[in-house]
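Engineer: coordinates only, no sequence provided:
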């Protein structure tokens, strides 16, 4: 009797603990997502209020997408930015982790400072690179002039604009892959490499046959995280190139932003965003699936 | 490791030091510029030794920047408080309740963390325009809660998991109410977790640029947006821009050192076990 009373009381408490959060999450996450989908079915423009409820051709926006060269181009730019960014972050992050994976008080203390780029507010990272890329005040331009080289303005050149974004993005997120890989390295039992050493394996062989298989899953997972987040590289593009020159650095996220808040094409922008959201959700699902599989294997 | 020396060799230490200097040089460049007198910034070659000045910082403090700094502080701390108030009890309930809903909820949390901000910005912008919340701190607090609440629920669950339930059961048998057990016994035990979560929430809200750019104009403009405005409207005052950047990052650097252990689980919230 008494136990039942406790159970009932507990259930009541749980309801009161959960309900407000679920309600708020519904209001601030689910409703906006639904609203976004609804808006994507209309030709809504801010200048034409009646268009917000015009559902006469619901799939018109989506039909326009494949034939919109800026949209197709934005997907390509995003693919290039993500591919090179993720590749460099995983590669350099791994190298850095290998370098710092050692038992020493000083090195452990120094690790913290390697995290600085990642914890800086993204807009400050953009400001930092703006100071470095702006020819008038750029230490790079000055260094090049000392070597009698004429350096183009990186962020406004067709050739180098995307490269300059990739460099800044890699700098910002390198510490993330570094942290993840370092954590993985620290879980490798010493006996493995010691046994290999006794058997006469070289350092390179040990890396290839012992270390790499151990950290491979983490390399993939941290790469996926960076892939998903690379879609959000907004402040860098906003401040450094503004999507230009032309549309050279205009990723899908930025195109959707310009559509909605520069040209007021809210309906069409919503359709672009929904497609982007579906792509991100697909990658996220893959990530969850891999995480589960890994847990099951462990 | 796996092929590495137990004690760091001198060569390795030198390599680490060089890498660190190279990696941090862009950041240090901004810092030195913020202390440089304005007329020296455009001069090359720049002297490494110069008399540092606080003129950029004092100029900022007497401008509209200070108001935006206050807006940032207000919106970040209020949204942190809201998210904790709602999310901490929810995380406790979820931790003690291994139902099917758990997976659905963690997927929902993942989606809100992964979605590009623009997906939320369009609906929020339209809604705020309609009810008049554009350019208000309240509006910002509401948006920031949308990503801080999932973060709290995600971060706090493992902390509650680690509190042995036998403690609570003993108190319950003694006739204590669940609410009392929660506030008097469980909460004090997870206080460090709450502190770490609060700092992360504060940082996420503080770091936001995108929402503030679109949902504010002048009254509720936050510090990150104000820094950028030095470039667009008030001419190119590099000294002020650098000092503004330094001020925006100051609280972040202090706080993240305090919670660096939790940084990764905060960043990867939702997908792998923290």
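Structural biologist: That came through, no problem. Here the structure is a predicted model, which is why all the values come from computation and not from measurement. Numbers count the residues shown, from 1 in each chain, chains lettered A, B, ... in the order given.
Engineer: thought residue B:228 was touching residue A:124?
Structural biologist: No - using C-beta atoms under 8 Å, residue B:228 is not in contact with residue A:124, being 10.5 Å away. The C-beta positions use only the backbone N, C-alpha and C, and glycine is treated the same way.
Engineer: the two - which one has more neighbours?
Structural biologist: Using other C-beta atoms under 10 Å in any protein chain shown, the more surrounded residue of residue B:228 and residue A:124 is residue A:124, with 27 against 21.
Engineer: which elements pack onto the helix or strand encompassing the more buried one?
Structural biologist: According to DSSP states H and E, residue A:124 maps onto helix A:122-133. Packing contacts for helix A:122-133, counted by 3 or more C-beta pairs under 8 Å, 6 or more residues apart in numbering or on different chains; DSSP states H and E, involve helix A:139-146, helix A:161-185, helix A:234-240, helix B:10-34, helix B:223-232, helix B:238-258.
Engineer: in the third one, what's buried?
Structural biologist: Burial within helix A:234-240, assessed by neighbour count using 16 or more other C-beta atoms under 10 Å in any protein chain shown, is assigned to A:234-240.
Engineer: do the second one as well
Structural biologist: Along helix A:161-185, these residues count as buried under the neighbour rule (16+ other C-beta under 10 Å): A:161-162, A:164-182, A:184-185.
Engineer: state the mean pLDDT of that helix.
Structural biologist: For helix A:161-185, mean pLDDT rounds to 92.
Engineer: what about that helix, near chain B?
Structural biologist: Yes - Helix A:161-185 lies within reach of chain B by C-beta under 8 Å from any C-beta of the partner chain, at A:171, A:174, A:176, A:179-180, A:183, A:185.
Engineer: give me the contact list for stretch A:243-260.
Structural biologist: By C-beta atoms under 8 Å, 6 or more residues apart in numbering or on different chains, the surrounding residues in contact with stretch A:243-260 are A:70-71, A:73-75, A:77-78, A:81, A:156-158, A:161-162, A:165, A:231-234, A:237-238, A:240-241, A:265-266, A:268-270, A:272-273, A:275-276, B:116, B:118, B:121-122, B:125.
Engineer: run the chain-centre distance for the one helix or strand residue B:196 maps to.
Structural biologist: Per DSSP H and E: residue B:196 is located in helix B:191-207. Its chain's C-alpha centre lies 7 Å from the corresponding centre of helix B:191-207 when counted by C-alpha atoms, centre = their mean, to the nearest Å.
Engineer: and if you look at stretch B:138-149?
Structural biologist: How far stretch B:138-149 lies from its chain's middle: 13 Å, per C-alpha atoms, centre = their mean.
Engineer: got it, and stretch A:206-216?
Structural biologist: Its chain's average C-alpha position is 26 Å from that of stretch A:206-216, according to C-alpha atoms, centre = their mean.
Engineer: and it, which residues are buried?
Structural biologist: A:206-207, A:210-211, A:214-215.
Engineer: with stretch A:244-258 instead?
Structural biologist: Result for stretch A:244-258 [16+ other C-beta under 10 Å]: buried residues A:247-258.
Engineer: cool, stretch A:149-164 as well?
Structural biologist: Buried positions in stretch A:149-164, judged by neighbour count with 16+ other C-beta under 10 Å: A:151, A:153-156, A:160-162, A:164.
Engineer: list the contacts for the most centrally placed residue in chain B?
Structural biologist: In chain B, the centroid-proximal residue (C-alpha atoms, centre = their mean) is residue B:203; its distance is 1.3 Å. Contact partners of residue B:203, counting by C-beta under 8 Å, 6+ apart, are A:119, B:252, B:255-256.
Engineer: helices of the stretch 101-250 of chain B, residue ranges please.
Structural biologist: Counting by DSSP state H, counting those that start in this stretch, one finds helices in the stretch 101-250 of chain B at the ranges B:101-114, B:117-131, B:137-161, B:165-173, B:178-181, B:187-189, B:191-207, B:210-215, B:223-232, B:238-258.
Engineer: returning to that earlier point: show me the two of the residues of helix A:161-185 next to chain B that sit farthest apart.
Structural biologist: Within the residues of helix A:161-185 next to chain B, A:171 and A:185 form the most distant pair, 22.0 Å apart (C-beta to C-beta).
Engineer: under the pLDDT cut-off, which ranges of the stretch 101-250 of chain A? List them.
Structural biologist: Under the criterion pLDDT under 70, no range of the stretch 101-250 of chain A is flagged.
Engineer: 90 instead, please
Structural biologist: Counting by pLDDT under 90, the stretch 101-250 of chain A contains low-confidence ranges at A:101-113, A:115, A:118-119, A:134-159, A:179-180, A:182-218, A:220-226, A:228-233, A:242-244, A:246.
Engineer: where is pLDDT lowest across the contacts of residue B:203?
Structural biologist: Among the contacts of residue B:203, residue B:256 has the lowest pLDDT, at 80.
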